[in-house]
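Peer 1: Need a 3D model of the sequence below.
(chains A, B and C)
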Amino acid sequence: MEPVDIGLWGVPLAILGGAIRVSTPFIFVSLGECLTERSGRINLGLEGTLVFGAMSGYAAAYETGSPFAGVLVAAVFGAMFGLLHGWLCSFRGVNDIAVGIAMMLFGMGLAFFFGKPYIQPVAPDLPALSLGWWSDIPQVQAALQVNVLFIAGGLLALFMAWMFRSTRVGLTVRVVGDSTDAARAMGLDPDRVRLLSTGVGGALAGVGGAYLSLYYPGSWTEGVSSGQGLMAIALVIFARWNPVNCFWAALLFGGAGALGPALQSVGVSEGYYLFFAAPYVLTLALLVMTSSPDRAMQGAPSELSLTK
Amino acid sequence: MSTIGRIPDQDRLTAAQILSGLMPRAEAVLIPLAALLAGFAAFSLFLLALGKSPAEFYALVWKAGFSSAFSWQNTLSRVSPLVLAALCVALPARLGLVVIGGEGAIVLGGLAAAVTGTAVANLPSGLGMVLMALAGMALGGLWIGAIGALRIKRGVNETIASLLMAYIAIALMNHFVEGPFRDPASLNKPSTAPLAEGLRVGDMPFVAAHWGVFAGVVACVLCWILIERTTLGFAARIAGDNVRAAQVQGLPVARLVIGFTALGGAFAGLAGYFEVAAVHGSANASLIAGYGYTGILVAFLARHNPLAILPVAVLLAGFEASSGLIQRRMDLPDATILVFEGMVFIIILLSETLYGRLRIFTPGFWEQS
Amino acid sequence: MTTLKRLNRRHFLGTSATALGAAALAGLARPAIAAEDLTVGFIYVGPKDDFGYNQSHAEGAAAVKEMAGVTVLEEENVPESMDVQNTMESMINFDGATLLFPTSFGYWNPHILELAPKYTDVRFEHCGGMWAEGDPANAGSYFGYIGMGQYLNGIAAGHATKSKKIGFVAAKPIPQVLNNINSFLLGARAVDPEIICQVIFTGEWSLAVKEAEATNALADQGCDVITCHVDGPKVVCETAVARGAYVCGYHADQSPLAGDLYLTGAEWNWASVYTDMVAKTLAGEPIPNFVRGGLADGFIKMSPLGPAVSDAGRAQFEAARAEIMAGGFAVLKGPLMDNRGNVIAADGEAFAETDVKLESMDYLVDGVLGSTS
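Peer 2: Model prediction:
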């Protein structure tokens, strides 16, 4: 099949394709963080969890030959990191933001430490679905190669929105996030709810990491994440702690990241560092626009140290 | 935590009375020390689980970081950026803000200093150096101060904003170093024009480390005086404990927040200045060395106390200086130090829960026994 | 290997002499020492198994390890900051290293320049070709004319491309990278002058996601052969293969990653260079301060041609390789314009691989889509 000359159409197509390719780790980390923050804690350590998920997922996929085993292992390790964070923060006087930074260092350190033997081997990739069958243009087909985890992330966002709105579990998390005292009065154990929320959040971040090493960019290297876990946490804030918005924010961020290379490929090549900074500038601008000094942020869990 | 033991009667001074006066003060020293030792122990278990010798590990740290004049030089050469970057975390922390983007201020401070350096080549070198340092501090201060302003004026979370701004700062530095400010002669490593010899900062007498270490010590002492001995520092501590109470008392919270973040940023910018003037001789991508992130660790381990930042920075620098020897002698990967730092960091944070809860640090415990 | 080594020995001094003349030899450094145990330190800026730049050096170090009477020290992930000075001093003071190979370009200034005068009985050998008259005599530079390898890559690419559009993922617009891009296109144009090359700069030496996005953007624009100049080509390779594009390798052999889509690759051959330098040191012979070499000198080598290279492609590739091995070959020759319309070489003018003008290259030649700033 011959590539078709698509010229400037390459830019929107790259943004679409980039959004689909790049956004998945952001979706999983931000959904995980959304759950954690809804329970009233912030876990900045998800960057470390993401990196460790990438390493452990890749290692497990290589050793077992199954990429799905990799995803599972990454989720289990992610949950362990999350539970550790949740447990540490359950002690009085321990600051969740600081613990997050420490967990980030710890997770990255362990991932690099144990990941050395897995830089070279080639592990099997996660499969993708071809949703571009209707088009004759190979670029469109390539852009619409959609990984199963991307679809899972989209469904998970919908599920979480429903869970927060209409289920007992969702209500429990929300109550704990909004008022520790009210939760206690209702007979809930806030520390336990937060522990579990952070654990599940960590598991999701681990899955995001497995996507990085097992699909896109598709190999384990020490620079595989380069800050994506931290950015995903930023996305949660301007997604207003709404899971469906987290999904859209992740898509937007992924698409913005594709802008720099795509513009160069059609001849806009000067000042590319500035284009590469576009996702960060965009996120910052959205944060500034949507924040407000006077009232607590709309949708923010009131127990969250981040917004106090 | 602020309960200070009663001053015992001079005439009837007993051991118990001395301890009852001393121990409450000792809490701030003994708990972190114990936590540090617990961190060392935890890391020893990690090494044992891998079949490596903890004794060899700590012996190598001692050898490479502290045992000889060369080791000390190796350690001290890293201290300056760590100390200054830590102040960029510790000062805002006094107001309850967690700023993690000091790396951005270091990189931009270095760029500003290097660009100023080319502009002041014709001035007397002493004046030129001062202008360079001021330029670095000004840009670093503006950069982090803007984060404080965004926080107070728009309610933007400072942790996330500082992180985003660090990415933006690095992109800007790369853009300017490879674009408008590139020295055409810097062929394969795009850099700003090299500094004139007179603008370079040299080593201190008797110590094989550049003057940035001295600047770091002075900065820490000044910050300690600011926080502990001035009304401004007192106001900042109140605002850090409770913003609303501070506002009710009529304290200028907005100005405090902007001032403290800007001052922290200025110190990070100064770190960038020393990296350029004492180490690299020009601004280039080598400025992105991660000191801003290690500085976070230093500040938290020091519990944001400027005087404690100095020993903590020396300790961490010693560990980092030993990384190579540990790689070569023990066949451990370079990430070993990162794992170690993560473990110690976690345990130190966990020890926060002990403050005010251990009875041995109350006067009553000793008076009864 | 043995033939290469012999070749290498024969050409070693010859090349450096043509490169800088006797001036370099005059600056010879250390007094000859007797053949005793030699400790050699290798320092890498990234992981030493990155399928790329660092791996190519680590393969050289592995060859040195095989030599008798030599102890090899290695340290990876050493940033171009005070860290590398500490690493070098630590290797010297604690392990008695007397020959150091700090392999990253940014280690030279200020770090090696700072330490060389302090440790005059240690030899600092830096990869990158920075040594100039007046620099410390116990420091030296070595580098290879790898642009020739990219030219040969280009010939293989020129025969493989159907869209007549080939792609290049590059880190930064510095002379070494620009020379590789230009050589790659000119190789392809030696096959078909209609071919164009799209370049995308990622701005960093190692940034996985951006490299993958750049590769995808190239494929979207119809590039069906892709090569790169980043530290670790693994991501570019795997992404290009996923898009069905052919791959030309760089730094090290990436054929295990690209399979049948691998055409060939421009590889460093540091094993040959390092064993030679260490053998010289063991024998008490001096190493010239300024050493460069190309294909003929065993500094670079090509990956074996892949199954996708046509017979015509093989023939032209081998003919060009023979021409390069004979010496004096010029990739850039007139009439040649850059892609902004400036004249680079007039008719009859040519820059041979050893021409120092190539080392300050700041243009992309006509036919390359992209800009240098």
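
Peer 1: which one is residue C:90 nearest to, not counting chain neighbours?
Peer 2: The shortest distance from residue C:90 to any non-neighbouring residue, by CB to CB, 6 or more residues apart in numbering or on different chains, is to residue B:324 (4.9 Å). C-beta here means a position set from N, CA and C on the backbone, and glycine is covered the same way.

Peer 1: what number of residues lie near the residue nearest to residue B:53 when sequence neighbours are not counted?
Peer 2: Nearest residue to residue B:53 in three dimensions, chain neighbours excluded: residue B:47, at 7.0 Å (CB to CB, 6+ apart). Residue B:47 has 20 neighbours, counted by other CB atoms under 10 Å in any protein chain shown.

Peer 1: And residue C:249, by the same measure?
Peer 2: Close neighbours of residue C:249, defined as other CB under 10 Å, add up to 28.

Peer 1: Mind pulling up the pLDDT for it?
Peer 2: Looking at residue C:249, its pLDDT reads 96.

Peer 1: coming back round to it: pull the contacting residues for the residue nearest to residue C:90.
Peer 2: Neighbour list for residue B:324: B:64, C:75, C:78, C:86, C:87, C:90, C:91 [criterion: CB atoms under 8 Å, 6 or more residues apart in numbering or on different chains].

Peer 1: and residue 69, what pLDDT?
Peer 2: Answering for chain A, as no chain was given. Residue-level pLDDT assigned to residue A:69 equals 97.

Peer 1: could you do chain C instead?
Peer 2: 92.

Peer 1: show me where the stretch 151-300 of chain C has strands.
Peer 2: Assigned by DSSP state E, counting those that start in this stretch, the stretch 151-300 of chain C shows strands spanning C:165-170, C:196-201, C:225-229, C:246-251, C:262-268, C:290-293, C:300-302.

Peer 1: worst average pLDDT in these?
Peer 2: strand C:290-293 (a mean of 90).

Peer 1: What strands flank that one, and is each parallel or antiparallel?
Peer 2: Strand C:290-293 has the following sheet partners, assigned by DSSP bridges: strand C:139-144 (parallel).

Peer 1: The partner strand versus strand C:262-268: what angle between them?
Peer 2: Per axes from the mean of the first three to the mean of the last three CA atoms, to 10 degrees, the angle that strand C:139-144 makes with strand C:262-268 is 160 degrees.

Peer 1: ok, back up a step: between the strands of the stretch 151-300 of chain C, which gets nearest to residue B:223?
Peer 2: Counting by CB to CB, residue B:223 lies closest to strand C:196-201 out of the strands of the stretch 151-300 of chain C; the figure is 41.4 Å.

Peer 1: what's in contact with the closest one?
Peer 2: If you take CB under 8 Å, 6+ apart as the criterion, strand C:196-201 is touched by A:261, A:264-265, A:269, A:272, C:164-173, C:181, C:184-185, C:188, C:214, C:217-218, C:221, C:223, C:364, C:367-370.

Peer 1: run the last query once more with 6 Å
Peer 2: Applying CB atoms under 6 Å, 6 or more residues apart in numbering or on different chains, the external contacts of strand C:196-201 come out as A:261, A:264-265, A:272, C:165-170, C:181, C:185, C:214, C:218, C:221, C:223, C:367-370.

Peer 1: Look up how far residue B:328 lies from the residue nearest to residue B:53.
Peer 2: Distance, residue B:47 to residue B:328, by CB to CB, to the nearest Å: 16 Å.

Peer 1: Output the set of residues of the stretch 151-300 of chain A in proximity to chain C.
Peer 2: By the rule CB under 6 Å from any CB of the partner chain, the part of the stretch 151-300 of chain A lying against chain C is A:217-219, A:221, A:223-224, A:258, A:261-262, A:264-265, A:269-270, A:272-273, A:276.

Peer 1: what do you get if the cut-off is 7 Å, keeping everything else the same?
Peer 2: Neighbours of chain C within the stretch 151-300 of chain A, by CB under 7 Å from any CB of the partner chain: A:216-219, A:221-224, A:226, A:257-258, A:261-262, A:264-265, A:267, A:269-270, A:272-273, A:276.

Peer 1: Show me these that map onto helices.
Peer 2: Counting by DSSP state H, those place A:257, A:258, A:261, A:262, A:264, A:265, A:272, A:273, A:276 in helices.

Peer 1: most surrounded residue in these?
Peer 2: Neighbour counts for those (other CB under 10 Å) peak at residue A:258, which has 31 neighbours.

Peer 1: Quick one: residues contacting the residue nearest the centre of chain C.
Peer 2: In chain C, the centroid-proximal residue (CA atoms, centre = their mean) is residue C:146; its distance is 4.7 Å. Applying CB atoms under 7 Å, 6 or more residues apart in numbering or on different chains, we find residue C:146 in contact with C:180, C:266, C:268, C:300.

Peer 1: of all those residues, which comes closest to residue A:89?
Peer 2: Proximity of those to residue A:89 was ranked by CB to CB; the top entry is residue C:268 with 49.2 Å.

Peer 1: distance of the closest one from residue C:142?
Peer 2: Residue C:268 is 11 Å from residue C:142, by CB to CB.

Peer 1: What parts of the stretch 251-369 of chain B come near chain A?
Peer 2: By the rule CB under 7 Å from any CB, the part of the stretch 251-369 of chain B lying against chain A is B:296-297, B:300, B:333, B:335-336, B:338-339, B:341-343, B:345-346, B:349-350, B:352-353, B:355.

Peer 1: After the helix or strand where residue C:91 lies, which helix or strand is next? Please name it.
Peer 2: Using DSSP states H and E, residue C:91 maps to helix C:82-95. Note on helix C:82-95: by DSSP H and E, the next helix or strand toward the C-terminus is strand C:99-102.

Peer 1: picking up where we left off before, what separates the helix holding residue C:91 from the chain centre, distance-wise?
Peer 2: Computed by CA atoms, centre = their mean, to the nearest Å, the chain-centroid distance of helix C:82-95 equals 25 Å.

Peer 1: returning to what we had before: could you measure from the residue nearest to the centre of chain C over to residue C:62?
Peer 2: Using CB to CB, we find residue C:146 at a distance of 20 Å from residue C:62.

Peer 1: and what of residue B:32?
Peer 2: Computed with CB to CB, the distance linking residue B:32 and residue C:62 is 45 Å.

Peer 1: and if you look at residue C:326?
Peer 2: Distance, residue C:326 to residue C:62, using CB to CB: 31 Å.

Peer 1: ok, now residue C:170?
Peer 2: For residue C:170, the distance to residue C:62 - CB to CB - is 28 Å.

Peer 1: Same drill for those two, tell me which one is more crowded.
Peer 2: residue C:170 (22 against 16).

Peer 1: Let me know whether that one touches residue C:181 as I believe.
Peer 2: Yes: counting by CB atoms under 7 Å, residue C:170 does reach residue C:181; the two are 6.2 Å apart.

Peer 1: list the buried ones in stretch C:313-328?
Peer 2: Residues C:313, C:316, C:317, C:320, C:321, C:324, C:327 are the ones in stretch C:313-328 that count as buried (16 or more other CB atoms under 10 Å in any protein chain shown).

Peer 1: So which residue is smack in the middle of the chain?
Peer 2: Since no chain was named, I'll use chain A. Geometric centre of chain A, nearest residue: residue A:29, 2.3 Å, by CA atoms, centre = their mean.

Peer 1: I was thinking of chain B, sorry if that wasn't clear
Peer 2: Geometric centre of chain B, nearest residue: residue B:86, 1.7 Å, by CA atoms, centre = their mean.

Peer 1: For it, list the residues it contacts.
Peer 2: By CB under 7 Å, 6+ apart, residue B:86 lies in contact with B:295, B:298, B:299, B:302, B:309, B:313.

Peer 1: does the closest residue to chain A within chain B belong to a helix or a strand, and which?
Peer 2: Nearest residue of chain B to chain A (CB to the nearest CB) works out as residue B:342 at 2.9 Å. Using DSSP H and E, residue B:342 sits within helix B:336-351.
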